[in-house]
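Colleague: Next input, structure requested:
(one chain, ligands or ions: 1)
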Amino acid sequence: MSGAGGIQQGPVQFMPATSIKEAEDWAMNNIAQKVRFVPENYSPIELEFANTINESVYEVTKGKKLKGIIYDHPWKIAKAIGRDSVGDMYAALHEDVLYIVRKETLESEAAFKVAISDSLKISKKQFKKTLTELKAYYKTTKNESILKAIKELEKEGSKPWQLSKSRRDLVRHEMGHWVETQSVDLQKITNAHTNKNITNYKKLSEYQNVLNTKTGHWRELSSEYFVSYKNGILDDIPKEILDIFKKMEL
Ligand SMILES: [Zn+2]
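Modeller: Just a heads-up that it's a prediction; the model follows:
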């Protein structure tokens, strides 16, 4: 099977592993140069989640390998990515390494869902409050187009982009960042939007909780478009971005 005759093997089929060791081995063979699913002095990642990670990475890397997939203590990951702490962060893609933060809320799909629904409630409240404030402000400046946009957002309700609904979404979001590293076309779009000072648009987007950092705004949005794309929700994805995902056969 080792290609003695120089025959290139076709892409392997993803198969859920039945043990963490197997999941690590599979990841090392197919998607990453270095894999850690067992943090030092701590119990391993849940097998179901390890499989989700492997599958979600594999569906986009297509034969390429990440530098690493690391599930570890928050402080170790913070150190690795050059931060003081990871705060609310669950996962990150940093210099071609996918980091998954060891947190109680990630230890089962059920725990994650509870954590997400809690932050969703807070986010919805915040969203409403912010729209009310925005409306008051733009009434004083009599900016009709913004007021109209706010009205539409009020009708739609909160669209909490950043809130992955599952652990799979979480991994896919990070892989969305990886996708961007693979596409110059996508980089052009996100850079163009990020650098443009569309203050009003940014303001509205902020309340969709997209704007984590001022410059990272479109980057997060493009990652979330990727999550939507993988979930088959295509309506909100701008055509130019949708075309890129399709062209990349993701
Ligand atoms: Zn992100």
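Colleague: quick one: pLDDT of residue 123?
Modeller: If you check residue 123, the pLDDT there is 68.
Colleague: Strands of this protein, start to end?
Modeller: 35-36, 68-72, 91-94, 97-101 (DSSP state E).
Colleague: Tell me which of those lies nearest to residue 180.
Modeller: strand 91-94 (9.5 Å; Cβ to Cβ). The way it works is simple: take the backbone N, C-alpha and C, and place the C-beta from them, glycine included.
Colleague: Who are the packing partners of the closest one?
Modeller: For strand 91-94, the helices and strands in contact under the criterion 3 or more Cβ pairs under 8 Å, 6 or more residues apart in numbering; DSSP states H and E are strand 97-101, helix 167-182.
Colleague: Now with 6 Å, please.
Modeller: Judged by 3 or more Cβ pairs under 6 Å, 6 or more residues apart in numbering; DSSP states H and E, strand 91-94 is in contact with helix 167-182.
Colleague: Okay, angle between the helix it packs on and strand 68-72 too, please.
Modeller: 140 degrees (axes from the mean of the first three to the mean of the last three Cα atoms, to 10 degrees).
Colleague: And helix 167-182, what's buried?
Modeller: Using 16 or more other Cβ atoms under 10 Å as the test for burial, helix 167-182 gives 167-180.
Colleague: Does it reach the ion?
Modeller: No - residues of helix 167-182 are not located near the ion by Cβ under 5 Å from the ion, the shortest gap being 5.6 Å.
Colleague: Give me the contact list for that helix.
Modeller: With Cβ atoms under 6 Å, 6 or more residues apart in numbering as the test, helix 167-182 has contacts from 49, 52-53, 56, 60, 90-91, 93, 98, 109, 112, 164, 186, 222-223, 226-227, 230.
Colleague: Just the residues you listed: which are in helices?
Modeller: Using DSSP state H, the members of the contacts of helix 167-182 that fall within helices are 49, 52-53, 56, 60, 109, 112, 186, 222-223, 226-227, 230.
Colleague: looking at the strands of the chain, which is closest to residue 148?
Modeller: strand 91-94 (36.7 Å).
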